[in-house]
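S.K.: Let me see the structure of the following:
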Amino acid sequence: MQMFLVKIHQNRSIFVKSVRPISVLFFGSDLFSKSCLKALHANQTNNNVSIVDKLEVVCLRDKRNKLPVKQYALNQNIPIYTWPDLPDKNFDIGVVVSFGKLLPNSVIKRYKYGLINVHGSILPRWRGASPFMQAILADDDETGISIMQIEPGHFDRGRILMCGEKVKILKDWTSEDLGMALEDDASSCLLKCLGNIDHYLQNSTEQDHSLATHAPKMNSEDSIIVWDLMSSEDVYRRYRAFGFRKDMILRTSFNGKLIRLQKMCRLGDKDIADIESSVKSGEEDVPGRIIFMKKSKTICVRCKSGYIGVKRLIFGKPITANDFYNGSIQPLLKNGQIVKFE
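M.R.: Numbering: from 1, shown residues only. Okay, here's the model as predicted:
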């Protein structure tokens, strides 16, 4: 069978086998799924040899049109349907990326090749809604992309069609950075899979369900810091996983009032040495205790073990660590109090 070079992004191409173009109904929502949609659309519209000949989109309900997939489809005049309404048309396959809905067998059976899912982990590790977040929370060294068949009644349990290359997770990456690092590989794997879909379906493999780990959706309670139970690395991983997001900012309390830790950082060895030298002999260095480093304008907070740095906070309004120190910490220190987050 003849091979063709197919462009998936401005600077990246892949080889696929010669097959008839395939019609795709795309189910997606977020930035990661948008990258896959863009690759499908670019292939449909800009290539001499196309894998995709028809492309339409199913989105979740979104009153303000803020979902990245919906915004892109609107801007590119791609037909859009709002779940659970589906087009009354024939499609070869449904492609699902970060959709977050359990799709029934009645939907799977509508399409010749059923539904496939592009998932942000090497399955069976991190099945569920938040694979990027969980990989960072667990301090995984690497992760990657899986493409699987969707089974009715289950999330992420289907047969594996292919996996992408493993990507090393850098120490300061957020879950958003991780998603961006995997975008090109996700798009490449998806087009390669669609370009020879019969082969990948016929050679799919069963997951080892005994090795499965789960990645549930994060909720507001996950944002609460418990200083005497969490190490500095635990807190920083939580910040990198989801605490950097506006809707999931890490929370604590100060003098009975809610405070949100908007920007956090890992402290270096010199910072730690300076903190330890500033603690007076005999003082109780309890979890939650706040020490302000004037040179770097950083609030340093004692955890179960180690210290974590805070650069910006929301205390009624967004403020810098320096302003929080001047307005809220310094007056208490002058009265001889040990200042701490609860």
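
S.K.: My guess is Phe26 contacts Val57. True?
M.R.: Yes: using C-beta atoms under 8 Å, Phe26 is in contact with Val57, at 4.9 Å. For the C-beta atoms, the positions are set from N, CA and C on the backbone; glycine is no exception.

S.K.: Which neighbours do these two have in common?
M.R.: Counting by C-beta atoms under 8 Å, 6 or more residues apart in numbering, the residues touching both Phe26 and Val57 are Leu37, Val69.

S.K.: Could I get the full set of helices for the chain?
M.R.: Assigned by DSSP state H, the helices in the chain fall at 31-46, 68-75, 105-108, 131-137, 175-195, 197-202, 232-238, 269-278, 321-324, 330-334.

S.K.: tell me what the first one is packed against?
M.R.: Counting contacts by 3 or more C-beta pairs under 8 Å, 6 or more residues apart in numbering; DSSP states H and E, helix 31-46 is packed against strand 3-9, strand 22-28, strand 52-59, helix 68-75, strand 93-97, helix 175-195.

S.K.: circling back to that earlier point, which one of the helices of the chain lies closest to Pro216?
M.R.: helix 131-137 (8.3 Å; C-beta to C-beta).

S.K.: ok so, going back, deepest of the helices of the chain, which one?
M.R.: Of the helices of the chain, the one with the most neighbours on average (mean count of other C-beta atoms under 10 Å) is helix 131-137, at a mean of 26.

S.K.: Any chance of the helices and strands packed on helix 31-46 in CSV with mean pLDDT and distance to Ile259 as columns?
M.R.: Shown next, in CSV, are the helices and strands packed on helix 31-46 (pLDDT from 0 to 100; distance: least, C-beta to C-beta, whole Å):
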stretch, mean pLDDT, distance to Ile259
strand 3-9, 51, 42
strand 22-28, 97, 36
strand 52-59, 96, 36
helix 68-75, 96, 31
strand 93-97, 98, 36
helix 175-195, 97, 23
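
S.K.: Low-confidence regions, the protein specifically.
M.R.: Counting by pLDDT under 70, the ranges of the chain that qualify are 1-19, 47-48, 280-284.

S.K.: please redo it, this time with the cut-off set to 80
M.R.: Applying pLDDT under 80 to the chain flags residues 1-20, 46-49, 63-65, 278-285, 336.

S.K.: thinking again about what came up before, in TSV: the helices of the chain, plus distance to Ser296.
M.R.: As requested, those are arranged in TSV below (distance: least, C-beta to C-beta, whole Å):
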stretch	distance to Ser296
helix 31-46	32
helix 68-75	36
helix 105-108	54
helix 131-137	25
helix 175-195	23
helix 197-202	52
helix 232-238	16
helix 269-278	7
helix 321-324	9
helix 330-334	17
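
S.K.: out of the ones you listed, nearest to Lys263?
M.R.: Of all the helices of the chain, helix 321-324 sits nearest to Lys263, with 8.6 Å by C-beta to C-beta.

S.K.: How about residues contacting the closest one?
M.R.: Outside helix 321-324, the residues that touch it by C-beta under 8 Å, 6+ apart are Phe292, Lys297, Thr298, Ile299, Val310, Lys311, Arg312, Leu313, Phe315.

S.K.: Show the contacting residues for the second one.
M.R.: By that I understand Lys297. Contacts of Lys297 by C-beta under 8 Å, 6+ apart are Lys311, Thr320, Ala321, Asn322.

S.K.: try 6 Å this time
M.R.: Taking C-beta atoms under 6 Å, 6 or more residues apart in numbering, we find Lys297 in contact with Ala321, Asn322.

S.K.: ok, the contacts of helix 321-324 vs Leu67, which is closest?
M.R.: Arg312 (27.7 Å).

S.K.: Isn't the closest one up against Arg260?
M.R.: No: using C-beta atoms under 6 Å, Arg312 makes no contact with Arg260, being 9.4 Å away.

S.K.: First-to-last residue distance for stretch 157-175?
M.R.: Using C-alpha to C-alpha, to the nearest Å, one end of stretch 157-175 lies 23 Å from the other.

S.K.: Could you give me the buried positions within it?
M.R.: Neighbour counts over stretch 157-175 (16 or more other C-beta atoms under 10 Å) mark 157-164, 167, 169, 173-175 as buried.

S.K.: domain parsing for this structure?
M.R.: Here the domain parsing of the chain from automatic domain parsing is 3-215, 220-334.

S.K.: can you put the ones you listed in TSV and add distance to Phe341?
M.R.: As requested, the domains of the chain are exported to TSV (distance: least, C-beta to C-beta, whole Å):
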stretch	distance to Phe341
domain 3-215	21
domain 220-334	4
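
S.K.: Quick one, which of the contacts of helix 321-324 are buried?
M.R.: In these, the ones that pass as buried (16+ other C-beta under 10 Å) are Phe292, Thr298, Ile299, Val310, Lys311, Arg312, Leu313, Phe315.

S.K.: So what's the residue count around the closest residue to the first one other than its chain neighbours?
M.R.: In space, not counting the residues next to it along the chain, Phe292 is nearest to Tyr325; the distance is 4.4 Å by C-beta to C-beta, 6 or more residues apart in numbering. If you count neighbours by other C-beta atoms under 10 Å, Tyr325 ends up with 20.
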